[in-house]
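J.: no FASTA, just this:
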């Protein structure tokens with residue numbers, strides 16, 4: 001896990017391109033480099049298709065000969081793994097199909113951790129009956 005120290009932004013996280021489903025239980029962070037710029041992850045948040053899979057670039061690198069394309073795939077994979085390590089250490093779980101999607105306290109989190117129940121569910125309006 002990367003440690004953020006005063007004056008050093010390496011390893012800090014920024015919420016980038018907040019998705020429409022962000023309600024506090026699953027931030028969509030991206031790690032920052034040493035000068036505060038988001039690390040390249042190989043695809044944008046909410047990308048559609050295989051490129052959104054957390055291990056996509058690891059699998060791709062395994063099929064490529066040595067060269068720049070393979071090195072780039074390995075770099076993007078290392079950035080995704082760094083994000084997963086940091087978020088997992090903080091108690092979040094990653095969605096199995098999205099490199100950017102982490103949850104805490106919701107049904108995905110409960111399922112992944114083997115918990116009997118989630119910490120919270122959907123928001124109920126005043127007077128709305130529970131299911």
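T.: Thanks, I have the structure now. Everything numeric in this text was worked out from a predicted model, so none of it was measured.
J.: in this protein, which residue is closest to the centre?
T.: The structure's the chain has its C-alpha centroid closest to residue 100; by Cα atoms, centre = their mean the separation is 3.0 Å.
J.: so what's that one scoring on pLDDT?
T.: We note a pLDDT of 91 for residue 100 in this prediction.
J.: again, but for residue 50
T.: 95.
J.: I'd like the next helix or strand past the longest helix anywhere in the chain.
T.: Ranked by residue count, the top helix of the chain under DSSP state H comes out as helix 68-89. Per DSSP states H and E, the first helix or strand lying C-terminal to helix 68-89 is strand 93-94.
J.: what does that following strand rub up against?
T.: Strand 93-94 has contacts (Cβ atoms under 8 Å, 6 or more residues apart in numbering) with 54, 84, 87, 88, 101, 102, 103, 104, 108, 109, 112, 113. Where you see a C-beta, it was placed from the backbone N, CA and C, and this is true even at glycine.
J.: quick check, nearest of these to residue 46?
T.: residue 101 (9.1 Å; Cβ to Cβ).
J.: How many neighbouring residues does the residue nearest to that closest one when sequence neighbours are not counted have?
T.: Leaving aside its sequence neighbours, residue 101 sits nearest to residue 95 (Cβ to Cβ, 6 or more residues apart in numbering; 3.7 Å). For residue 95, the neighbour count with other Cβ atoms under 10 Å is 15.
J.: ok, now how distant is residue 95 from residue 35?
T.: 29 Å (Cβ to Cβ, to the nearest Å).
J.: Same check on residue 42?
T.: In terms of Cβ to Cβ, residue 42 sits 20 Å off from residue 35.
J.: Compare the two and say which is more crowded by neighbours.
T.: residue 42 (19 against 7).
J.: nearest residue to the more buried one other than its sequence neighbours?
T.: residue 76 (3.4 Å).
J.: thought the one you found was touching residue 51?
T.: No - the criterion here is Cβ atoms under 8 Å, and residue 76 misses it with residue 51 at 9.6 Å.
J.: if I look at these two, which residues touch both of them?
T.: residue 42.
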